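1. Take a look and give me a structure for this.
(one chain, ligands or ions: 1)
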Amino acid sequence: MTVVTTLQDLHSLYRRRVPRMFYDYTQSGSWTEQTFRDNTTDFAQIRLRQRVAVDMSDRSTASTMAGRDVSMPVALAPVGLTGMQHADGEIKAARAAEAFGVPFTLSTMSICSIEDVAEHTTKPFWFQLYVMKDEDFVARILQRARDAGCDTLVLTLDLQVLGQRHKDLKNGLSAPPKLTLPTMINLATKWRWGLGMLGTKRRFFGNIVGHAKGVSDASSLMSWTAEQFDLQLDWAKVARLKEQWGGRLVLKGILDAEDAKMAAKVGADAIVVSNHGGRQLDGAVSAIRMLPDIMDAVGDDVEVHLDSGIRSGQDVLKALALGARGTYLGRGYIYGLGAMGEAGVRKALEIVHKELDTTMALCGERHVHDLGPHNLIVPGGFRASHIPG
Ligand SMILES: Cc1cc2nc3c(=O)[nH]c(=O)nc-3n(C[C@H](O)[C@H](O)[C@H](O)COP(=O)(O)O)c2cc1C
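-> Reported below is the predicted structural model:
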């Protein structure tokens, strides 16, 4: 049995245990995957400043994210089809996050429904919305999230059209998987996954099937989804959705200082600097490289969070030191979930926490709030800026 000490160990187990189609769905970026790669290699370019002979006792990673107390500033990002990575995946991940004291964000495109997750957890989780053309559906899903006790809406702004991931097309990605010959051969080696799936009834998009007009099965669902992302979503509509929701609002998918200013103006409680993990605009800059510009533009006006490329507690520390108040794990917790279910998500969070805490100490800091650019050595020219014109 592998001794698991890093998210990469969880990734290796995940790769062995989950069907190829769902592994590829997670582990791909759009088109050439340049942005997907940059997200992690850019973190690696930042070095840490070691300090010694500093009192390192009484350390704390506790903080707040969008008004919520957190044991460390690392939430679980919304990830579609999580319930295909492991049976009842969203419920398992939400429970692990709750036990650890960090927010779980449920995707619109989840397998377990909002109601399913609420029934199996005791604290409010966050709900992520993709804005759909069907306004009745949007109104109803917001009401369902409110009824389930969700206190924060994460509105994703970077997916009005879908970035293309070649492998998903080649694999014929679907939930549940279509039983073609190559899929069946691959599934035969994933007995752990298969047993879990046989034991659950949650195998379709639980927030949509039976809730959207005309969607009652998998095939009507695929065509509904493809047509539904709202191409007309603009800042006026974001403002209307803020009113309609009436609770805390986090705007996700901001990667430009001008957009960050608009998000602050609209009155978001927080923004997530993100390129969707390199799954949308291939060729876009990494989130961590963009963070300093966005901090300069809106750091005093709105809380800034970051995702895309976080694979360790050291990455979390780098984002916090560059000004982010919070961060999110996306793929990082999916590796744990696919590897070992709820215990695997807990393990991912424990690893990240330990790495963050130890790194903080060796940088001579006792509290996440004290981290700053003084803890980092950033290469010249790292910072991203577009050419004005
Ligand atoms: C498999 C997968 C599915 C995702 N689904 C969603 C989603 O449904 N909604 C959303 O806002 N973001 C989604 N994202 C983006 C994540 O919320 C997050 O921005 C991204 O995973 C960060 O990149 P990282 O995982 O490489 O750190 C998804 C990401 C992955 C990897």
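2. who touches the residue positioned nearest the centre of the chain in this structure?
-> The centre of the chain sits closest to Ala77, judged by Cα atoms, centre = their mean, with a distance of 2.3 Å. Shown in contact with Ala77 (Cβ atoms under 8 Å, 6 or more residues apart in numbering): 105, 307, 328-330, 333. Placement of C-beta: from N, CA and C, glycine included.
3. Can you redo the residues you listed as a markdown table, where the extra columns are pLDDT and secondary structure?
-> Formatted as a markdown table, these follow (pLDDT from 0 to 100; DSSP: H, G, I helix; E, B strand; the rest coil):
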| residue | pLDDT | secondary structure |
| --- | --- | --- |
| Thr105 | 99 | strand |
| Asp307 | 99 | coil |
| Tyr328 | 99 | strand |
| Leu329 | 99 | strand |
| Gly330 | 98 | coil |
| Tyr333 | 98 | helix |
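4. any chance of those in a markdown table, with neighbour count and distance to the ligand too?
-> As requested, the contacts of Ala77 are exported to a markdown table (neighbours: other Cβ atoms under 10 Å; distance: Cβ to the nearest ligand atom, whole Å):
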| residue | neighbour count | distance to the ligand |
| --- | --- | --- |
| Thr105 | 28 | 7 |
| Asp307 | 29 | 4 |
| Tyr328 | 30 | 6 |
| Leu329 | 27 | 7 |
| Gly330 | 20 | 2 |
| Tyr333 | 31 | 9 |
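5. quick one: which of these is nearest to Thr121?
-> Thr105 (12.6 Å; Cβ to Cβ).
6. Does the closest one touch Ala75 like I think?
-> Yes - counting by Cβ atoms under 8 Å, Ala75 is a contact partner of Thr105 at 6.3 Å.
7. who touches both of the two?
-> 126, 328.
8. pLDDT at the residue nearest to the centre of the chain, what is it?
-> Among the per-residue scores, Ala77 holds a pLDDT of 99.
9. how much space between it and Gly199?
-> For Ala77, the distance to Gly199 (Cβ to Cβ, to the nearest Å) stands at 27 Å.
10. from the contacts of Ala77, which is closest to Val209?
-> Thr105 (20.7 Å).
11. Could you give the bridge partners of that closest one?
-> Trp126 (DSSP bridges).
12. before we move on, what SS does the closest residue to Asp158 other than its chain neighbours have?
-> Closest residue in space to Asp158, ignoring its immediate chain neighbours: Gly253 at 2.9 Å, by Cβ to Cβ, 6 or more residues apart in numbering. What DSSP: H, G, I helix; E, B strand; the rest coil gives for Gly253 is strand.
13. For Gly253, give me the pLDDT.
-> 98.
14. just checking, it touches Val272?
-> Yes - judged on Cβ under 8 Å, Gly253 makes contact with Val272 at a distance of 6.8 Å.
15. between these two, who's got more neighbours?
-> For Gly253 and Val272, the more surrounded residue by other Cβ atoms under 10 Å is Val272, and the numbers stand at 34 against 23.
16. Not counting sequence-adjacent ones, nearest residue to that one?
-> In space, Val272 is closest to Lys252, 4.0 Å off (Cβ to Cβ, 6+ apart).
17. ok, now Lys318?
-> Ile46 (5.0 Å).
18. Pretty sure that neighbour sits against Asn375.
-> No - counting by Cβ under 8 Å, Ile46 does not reach Asn375; the two are 9.9 Å apart.
19. ok, and does the helix or strand containing Phe22 reach over to the ligand?
-> Assigning secondary structure by DSSP states H and E places Phe22 in helix 20-26. Yes - Helix 20-26 is in contact with the ligand by Cβ under 6 Å from any ligand atom, via 25-26.
20. Equivalent analysis for stretch 311-319, please.
-> No - using Cβ under 6 Å from any ligand atom, stretch 311-319 stays clear of the ligand, coming no nearer than 7.2 Å.
21. tell me the mean pLDDT for that stretch?
-> 99.
22. cool, stretch 214-230 as well?
-> On average, stretch 214-230 scores 81.
23. Buried residues, that stretch. List them.
-> For stretch 214-230, a neighbour-count test (16 or more other Cβ atoms under 10 Å) marks 215, 221, 224-225, 228 as buried.
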